[in-house]
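Pasting the sequence and the predicted model now:
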Amino acid sequence: MNLRDYKWFKNPRGLHNIGVFHPFRPERYIRPQMGWAKFVVGGNEYVNAAGQLANSHCMAIIRTFRERMGALRAPSVWYENYREYINNGSYWFEFYNEPNLEGEWPQDAPGGGPSIYVSWDNGGLIETLMDNWIEWAQEVIELGGYPAFPAMADSAEHRHATVYWLDACLRYLRDNHNGTFRRVIANGLWCATHPYLANHFYQEPAGGPPQVARPYYQQRASGAGWHFEYPYDPLQQYNDPGRTVFGGTDLTPFGDPNGLIASGQAFQELLKKHFDAGPVPVVGTEGGVWKIPFRDDEPHLIDDRYPPYSYESHAEVTMAMWHWIVEQGPPWFWGLTLWNESDYYDIQGTVPAIDRMVEEDPILIEVADIDTGGGVVWEPGVDLAEEPEIVVEPGPAPVRGEPDYHWLLLAPGLQADWFFLAAQRYWQTFRPTVLTTWDLIGMLPGNKSVAVTVLARPDTLDYMNANVRDAFPDIFYDPIVYDTLAEMQTELDRRATNQQRFG
Amino acid sequence: MADGYDYHFMILAPGLQSAWFFQAAKQFWQRYQPIVTDNWELLSYIPEEAPVAVTLLARPDTAAFAQGQVEAQRPGVFLDMIVVDDLTMMEAILNERAETGQPFG
């Protein structure tokens, strides 16, 4: 499928509705010239509204809402409702919502909270989530719609880390639904994200330099020098060089997805890594510059490296964001539905950003001629559930990027203290699997890669090189060789302090 | 290595801090040198014909979940669960097993 094949209106502006079964006021979307409307729905109550908006060049994105739905399997009646939406010109659908947060799961534990362990390293959770998701995605495609990869909440906490969740889900799909997922990629996949920007944007002073931000009260949407590419913008890179959405610096051990395009960037890179596919469209289905300050509020400052934003500057930033998406954004980022209708119209009346959108026509995106990959174009009537046979070669796989596993191997002759004293901080930080033999390396399948950190003294290094490095040339081999326990501990502690897993 | 098994894993259930291994399991590991991991997926890579034992360290709130994961990865595995709420108690149990030469309870 080509990016140009998706049906939408090329207008990045969007707004999220208030809730299910809420009275619909079309002028709230049509007057400010929205190109997207995100509807959480209870059933088919927004079908007519979606059709009305489609006639005004605004595409509805539909998510059937169930409170704390966790990894619910979609009931069949949902698909009947989807058919009605599609027949009224809405093709874009979401299913799960922020499954990386406990609040989205059934609160069924004694004393409150979910009984399930909500973490990307809970293999059973990922399995259920993705098994039910891919079944849903196929059904949506069968109906003629576009299924969204679930939006994760932007998080840099270990257990909720957005990039870890995306990686865990895509790895599972790669290993268990490879052919089916490739066909989903090729037939309408898109990725939903929830980019709440905090204050991760700025405008350079006239004449620069690019890593300097002008004060919020001097920002003008129509001017040049805006930056919404966090964490890749010059100001952030000046403060913490090398930071990416995956982290990569001491300050970001679990990634940094808190920018307009950051989570989408992570998804595209992981899609490329695991499936050699993409890019697919990304649409933010919650987010924006939120919360909106009240007229008398002090400007909102979240990250003190960046300027705050005020009631007035909120409108400048929002308009600048639409321009930036069209003129400077990546070709796969297609817009954002602002959170939410109530904030923009009800809580303090109509805010200036809406007035600005009413006054100014949107700039439209010229969609790039890019194939989404996946390779298999689906034809109606073909059973997508038929899984092509995946032949897994003996492994391990060559390491490309992050390895699937990290093992810490103690060379023969090392006493336990070499591990229990020297490696404690290192193990606390990285939690590698600890072994004293290496035959398990040869048991890995051909789609799993491993890095092996070897603790050895000089007199056993040649032996380990021959039996590990040379015997398994596809592993990432990471020997740490010292004569004394103290030297070994110094090196391992240094790596732990620097968040440097390998030498 | 524990007698009678080609592979002996010590698996830490989710949420266990490092002290549960570094403090409680030191003697046990010195004696039996199990593969220490919190990644139960590794169990599925061992050939079916190889006998595998798992010592599973867990607290009561995660024990059932971890048990289900281990058994799903390798049906029929010999699973020895040590489920306690208290680090000192865990250490005492594991040390006794090390001292008596009885790796499993």
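Now that the structure is in, tell me what you want to look at. Residues are numbered from 1 along each chain as shown, chains lettered A, B, ... in the order given.

what about stretch B:82-97, distance to the chain center?
12 Å (C-alpha atoms, centre = their mean, to the nearest Å).

which SS class is the residue lying closest to B:Ala25 once chain neighbours are set aside?
Counting by C-beta to C-beta, 6 or more residues apart in numbering or on different chains, the nearest residue to B:Ala25 once its immediate chain neighbours are dropped is B:Leu94, at 5.3 Å. In this view, the C-beta of every residue, glycine as well, is placed from N, C-alpha and C. Following DSSP: H, G, I helix; E, B strand; the rest coil, we place B:Leu94 in the helix state.

residues from chain B in reach of chain A?
Within chain B, the positions lying close to chain A (C-beta under 8 Å from any C-beta of the partner chain) are B:7, B:14-15, B:18, B:21-22, B:26, B:29-30, B:33, B:35-42, B:45-47, B:62, B:65, B:68-69, B:72.

and with 7 Å instead?
Chain B has residues B:14, B:18, B:22, B:26, B:29-30, B:33, B:35-39, B:41-42, B:45-46, B:62, B:65, B:68-69 near chain A, with proximity defined as C-beta under 7 Å from any C-beta of the partner chain.

and the residue nearest to B:Ala25, what is it in contact with?
By C-beta atoms under 7 Å, 6 or more residues apart in numbering or on different chains, the contact set of B:Leu94 is B:24-25, B:27-28.

Spell out for me the PyMOL command that would select the buried members of the residues of chain B next to chain A.
Buried members of the residues of chain B next to chain A, identified by 16 or more other C-beta atoms under 10 Å in any protein chain shown, are gathered into one PyMOL selection as follows:
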select buried, chain B and resi 14+22+26+29+33+35+36+37+38+39+42+45+46+62+65+69
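
I'd say A:His16 and A:Leu336 touch.
No - at 9.3 Å, A:His16 does not count as touching A:Leu336 under the criterion of C-beta atoms under 7 Å.

Spit out the contact partners of the closest residue to A:Gly503 other than its chain neighbours.
Distance criterion C-beta to C-beta, 6+ apart; nearest residue to A:Gly503, sequence neighbours excluded, is A:Asp478 at 5.7 Å. In this structure, A:Asp478 makes contact with A:451-454, A:502-503, judged by C-beta under 7 Å, 6+ apart.

Cross those residues against strands and list the overlap.
Residues of the contacts of A:Asp478 located in strands (DSSP state E): A:451-454.

ok, and the most crowded of those?
Highest neighbour count within the ones in strands among the contacts of A:Asp478: A:Val452, with 25 neighbours (other C-beta atoms under 10 Å in any protein chain shown).

measure stretch A:208-219 end to end?
For stretch A:208-219, the separation between the terminal residues is 13 Å (C-alpha to C-alpha, to the nearest Å).

Show me the contact partners of it.
Outside of stretch A:208-219, the residues that reach it under the criterion C-beta under 7 Å, 6+ apart are A:202-205, A:234-235, A:238, A:299, A:306-310, A:313, A:316-317.

any low-confidence regions in the chain?
Chain wasn't specified; assuming chain A. Low-confidence segments of chain A, defined by pLDDT under 70, span residues A:375-393, A:401.

I was after chain B.
Along chain B, the parts satisfying pLDDT under 70 run over B:1-2.

Pick out the residue closest to the middle of it.
Taking C-alpha atoms, centre = their mean, the centroid of chain B lies closest to B:Thr55, which sits 2.0 Å from it.

That one and A:Ile134: what is the separation?
Counting by C-beta to C-beta, to the nearest Å, the separation of B:Thr55 from A:Ile134 is 35 Å.

What are the boundaries of the strands in chain B?
Using DSSP E, strands in chain B cover B:7-12, B:35-37, B:52-58, B:78-83.

Please apply the same query to chain A.
Defined through DSSP E, the strands belonging to chain A, from first to last, are A:14-16, A:36-41, A:59-64, A:92-94, A:146-149, A:190-193, A:202-203, A:226-227, A:282-284, A:333-336, A:405-410, A:433-435, A:450-456, A:476-481.
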